[in-house]
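Chemist: sequence first, then the predicted structure:
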Amino acid sequence: MHSAVLLFASALSVATFALDNGVMRTPPMGWLAWERFRCDIDCEHDPKNCISENLFIDMADRLSEDGWRELGYVYVNIDDCWSSMERDKEGRLQPDPKRFPGGIHKLSRYLHDRGLKLGIYGDMGTHTCGGYPGTTLDKIKIDAQTFADWEVDMFKFDGCYSNATEQEQGYPLMSKALNATGRPIGYSCSWPAYQGGLPPKVNYTQLGEICNLWRNYGDIQDSWDSVLNIIDWFFENQDVLIPAAGPGRWNDPDMLVIGDFGLSMDQSRSQMALWAIMAAPLFMSNDLRTISSGARSILQNKMIISINQDPMGIQGRLIVKEKSGIQVFVRPLSNNASGLVFFSRRTDMPYRYKTSLSKLNYTTGSYRIFDVFTDKTMTLKDSTDFVVSVNPTGVVMWHVSAPAKQNLRHFYNGGRLQGSAYDNDENTIPRVFL
């Protein structure tokens with residue numbers, strides 16, 4: 001497997017070069033305000049949930065005191081609706097003085113003292129999506145310098161109230177302006193989401209050169225339908241998206257909504273598992289002050305995090321689609337390992353899925369299997385049939401250690417699974433391959 005990984009990684013490096021700012025060599029992790037708290041600015045009637053410095057201090061305290069930081073969740077990201085409605089007399093953005101009386105710089109220092117990082121939001125149009133002052137082309141340099149002066153560590157650049165021509169100029173200009181400040185600031189671009197997410201309108205080679213991560217698709221909502229819609233879009237377009245990803249440049253399917261209101265525990269495990277397979281940024285949007293123990297255990301699962309954070313940075317692939325509603329995903333990992341996910345699109349009952357590693361194009365040998373949700377281990381020969389019971393809308397996720405070399409050309413040759421891995425199929429449901 002190792003030699004094939006090098007070949008695949010080399011092919012990616014020829015096609016795409018990462019933004020040279022030295023940050024986000026693995027997918028960034030942290031907490032983001034938007035999905036859970038939106039644009040709540042009513043601090044008089046809802047002080048604990050409004051967009052204010054107190055909310056971000058609370059989340060910073062939870063990340064630093066409840067075991068999140070040590071697992072890699074280090075960013076605390078402010079989204080829309082943080083600023084005053086007017087720039088200051090020097091033309092700089094300024095925070096709302098009532099909700100952020102200490103200013104953004106004081107907040108960033110608070111986070112840095114706790115080993116955390118601060119992210120902030122802007123928009124390259126005339127206004128942000130929430131109606132606050134935007135960063136038009138003539139304001140890009142001053143805003144980049146303002147963020148650097150505040151010791152911000154990440155900047156998300158949205159695209160509301162702008163057109164395609166302005167976006168084509170503005171996103172590269174902001175990349176240059178951020179780098180020119182001399183401060184390493186991770187750069188999240190929403191550009192592809194405003195251009196349909198796909199070539200020819202979206203140039204992923206260029207994006208990899210100017211951005212650390214980018215939103216490809218629409219905003220996630222706190223519902224299973226929304227999560228499933230994002231999963232489908234990303235894997236239907238995996239041949240385009242996989243080559244774009246790598247260390248320092250990531251496709252971003254949006255926030256983790258685990259711990260909110262819309263997902264069951266099985267659906268929460270599914271989102272976490274598939275975001276790890278996609279090498280996606282892991283930005284939670286929930287209330288860490290009240291999160292359930294079940295949601296916490298999913299989000300703090302060390303093996304899933306290690307799969308997500310694999311240093312090779314190869315985005316995983318959907319390799320099997322069953323008419324039964326079972327799908328199989330694989331992600332190549334360092335040290336001749338892989339992440340393997342069995343996902344059920346069914347909504348009725350657990351499904352007993354029978355297959356073998358050889359049918360999934362693993363080469364001859366014995367493999368060590370670690371089930372990331374049960375912590376159970378076993379040794380499995382490639383030719384041995386096994387059955388996994390997958391709950392409706394749920395997953396079974398394995399970390400597979402491969403003593404034998406696994407031929408990634410089976411997974412990636414021409415962007416498709418090659419050959420039939422099911423000549424001796426004992427399942428009665430016929431397979432449909434991507």
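Modeler: Nice, thanks for sending it over.

Chemist: so where do the helices sit in the stretch 201-350 of the chain?
Modeler: 204-210, 224-236, 238-241, 265-277, 293-299, 302-308 (DSSP state H, counting those that start in this stretch).

Chemist: domain parsing for this structure?
Modeler: Per automatic domain parsing, the structural domains of the chain span 15-308, 317-432.

Chemist: export the ones you listed to CSV and append columns for mean pLDDT and mean neighbour count.
Modeler: (Each C-beta comes from the backbone N, C-alpha and C, glycine too.) Output for these, formatted as CSV (pLDDT from 0 to 100; neighbours: other Cβ atoms under 10 Å):
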stretch, mean pLDDT, mean neighbour count
domain 15-308, 97, 19
domain 317-432, 82, 17
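
Chemist: now the strands for the stretch 301-434 of the chain?
Modeler: 317-322, 326-333, 337-344, 351-355, 366-371, 377-381, 386-390, 395-401, 431-432 (DSSP state E, counting those that start in this stretch).

Chemist: chain center to the fifth one, what's the gap?
Modeler: Think strand 366-371. Mean-position distance between strand 366-371 and its chain equals 26 Å (Cα atoms, centre = their mean, to the nearest Å).

Chemist: which other helices and strands contact that strand?
Modeler: Secondary-structure packing of strand 366-371 (3 or more Cβ pairs under 8 Å, 6 or more residues apart in numbering; DSSP states H and E): strand 377-381, strand 395-401.

Chemist: can I get those in CSV including distance to Phe329?
Modeler: Shown next, in CSV, are those (distance: least, Cβ to Cβ, whole Å):
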stretch, distance to Phe329
strand 377-381, 18
strand 395-401, 9
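
Chemist: to Asp254, which of those strands lies closest?
Modeler: strand 395-401 (18.8 Å; Cβ to Cβ).

Chemist: which residues touch that closest one?
Modeler: With Cβ atoms under 8 Å, 6 or more residues apart in numbering as the test, strand 395-401 has contacts from 266, 269-270, 273-274, 276, 303-304, 306-307, 333, 335-344, 357, 362, 367-373, 388-390.

Chemist: could you rerun that using 6 Å?
Modeler: With Cβ atoms under 6 Å, 6 or more residues apart in numbering as the test, strand 395-401 has contacts from 269-270, 273, 303, 337-338, 340-343, 367-372, 388, 390.

Chemist: what segments of the stretch 101-250 of the chain are strands?
Modeler: For the stretch 101-250 of the chain, the strands defined by DSSP E, counting those that start in this stretch occupy 117-123, 154-158, 186-189, 213-215, 250-252.

Chemist: which among the ones you listed is found nearest to Ile258?
Modeler: Nearest to Ile258 among those is strand 250-252; the distance by Cβ to Cβ comes to 16.3 Å.

Chemist: give me the sheet partners of that closest one and which way each runs.
Modeler: The strands beside strand 250-252 in its sheet (DSSP bridges) come out as strand 213-215 (parallel).
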